[in-house]
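>>> Next input, structure requested:
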Amino acid sequence: MKILYTIYQICFALPILLVLTILTALITIVGSLIGGAHVWGYYPGKVWSQLVCYLLLIPVEVHGREQLHKRTSYVFVPNHQGAFDIFLIYGFLGRNFKWMMKKSLRKIPFVGKACESAGHIFVDRSSPKKVLATMRQAESSLKDGVSLVVFPEGARTFSGHMGYFKRGAFQLADELQLEVVPVTIDGSFEILPRTGKWIYRHRMILTIHRPIPPKGHGAENIKASMTEAYTAVESALPEKYKGMVKNEDQDN
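As a prediction, this is how the structure comes out:
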């Protein structure tokens, strides 16, 4: 079956997905220019992500959507297992949101420009002034139920285990007094781990945990939110991936 699946993805699925990726990027760029990034920055990417999973025959399960309120903006903090995290979150979270991502991703052909047009937020840590500008851009995006998705580990895992959480997402949630929503991704590591070259068919599970409301304002609230979110995300992982393993490039 593995050989047949490899032939299927090379000869059929991946060529179609390459064309779909370019078309989605172009639709997002043009649509965001003429119709607003609120719609065109989200829905084309959502459909594209769902098609990626369907064409690659990857089953998806989602748990916990009922815990979210439609008109509320949240800061979602998922673990980062692999490249397919993007498709799982974009296609199946069920919320209009903006990504907070590394500025280096802007250089990806078509995709980088589409993300910029869609209003996704590129993090520039080169100076305190630019970090503040990033925060202000995020603040202006979080309205009318639009949320933010941040991978608080900052990098994909090498082992399937979670690394430590960075403060950025929790500091922003604290400043804006928004609820933090822990999200567990399970299965993406088996499909395409960071060091992998081939896609393997495996079920992905997205678990949306109970939102964590602010318990005050300042350092204590940030620390408490980080601890509670980490515990919640880890709780839905298989036993073999529980336990923190520091990612060697998390500090970059």
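
>>> you'd agree residue 181 is in a helix?
No. Counting by DSSP: H, G, I helix; E, B strand; the rest coil, residue 181 falls outside a helix, being strand.

>>> Show me the beta-bridge partners of it.
Beta-bridge pairing of residue 181 under DSSP bridges involves residue 76.

>>> Spit out the contact partners of it.
Contact analysis of residue 181 by CB atoms under 8 Å, 6 or more residues apart in numbering lists 68, 74, 75, 76, 77, 147, 208, 209, 211, 212. Any C-beta I mention is one placed from the backbone N, CA and C, and that applies to glycine too.

>>> again, 10 Å this time
64, 67-68, 72, 74-78, 93, 95, 147, 149, 173, 208-212, 229, 232 (CB atoms under 10 Å, 6 or more residues apart in numbering).

>>> so where do the helices sit in the stretch 1-150 of the chain?
Under the criterion DSSP state H, counting those that start in this stretch, helices of the stretch 1-150 of the chain are mapped to 2-8, 14-35, 37-40, 43-55, 85-92, 111-118, 128-141.

>>> Show me what the third one is packed up against.
Of the remaining helices and strands, those touching helix 37-40 by 3 or more CB pairs under 10 Å, 6 or more residues apart in numbering; DSSP states H and E are helix 14-35, helix 111-118.

>>> Then the fourth one?
Where contact means 3+ CB pairs under 10 Å, 6+ apart, helix 43-55 is packed against helix 14-35, strand 60-63, helix 85-92, helix 111-118.

>>> try it again with 6 Å
Other helices and strands packing on helix 43-55, by 3 or more CB pairs under 6 Å, 6 or more residues apart in numbering; DSSP states H and E, are helix 14-35, helix 85-92.

>>> quick one: which of the helices of the stretch 1-150 of the chain is nearest residue 104?
helix 111-118 (9.0 Å; CB to CB).

>>> tell me what that closest one is packed against?
By 3+ CB pairs under 6 Å, 6+ apart, helix 111-118 packs against helix 14-35.

>>> mean confidence score for the helix it packs on?
When pLDDT is averaged along helix 14-35, the result is 92.

>>> what's the spacing between it and its chain's center?
Put simply, helix 14-35 sits 19 Å off its chain's centre (CA atoms, centre = their mean, to the nearest Å).

>>> one step back: please convert the helices and strands packed on helix 43-55 to a markdown table, extending it with distance to residue 1 and mean neighbour count.
Formatted as a markdown table, these follow (distance: least, CB to CB, whole Å; neighbours: other CB atoms under 10 Å):
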| stretch | distance to residue 1 | mean neighbour count |
| --- | --- | --- |
| helix 14-35 | 18 | 15 |
| helix 85-92 | 22 | 22 |
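
>>> Of those, which is nearest residue 140?
helix 14-35 (15.5 Å).

>>> same for the closest one, what does it pack against?
Helix 14-35 is packed against helix 37-40, helix 43-55, helix 111-118, with contacts defined by 3+ CB pairs under 6 Å, 6+ apart.

>>> Show the model's pLDDT score for the spatially closest residue to residue 57 that is not a sequence neighbour.
Spatial nearest neighbour of residue 57, chain neighbours left out: residue 201 (5.7 Å); criterion: CB to CB, 6 or more residues apart in numbering. Note for residue 201: predicted pLDDT of 94.

>>> one step back: make CSV out of the helices of the stretch 1-150 of the chain and add distance to residue 190.
Below are these laid out as CSV (distance: least, CB to CB, whole Å):
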stretch, distance to residue 190
helix 2-8, 13
helix 14-35, 18
helix 37-40, 33
helix 43-55, 14
helix 85-92, 12
helix 111-118, 24
helix 128-141, 32
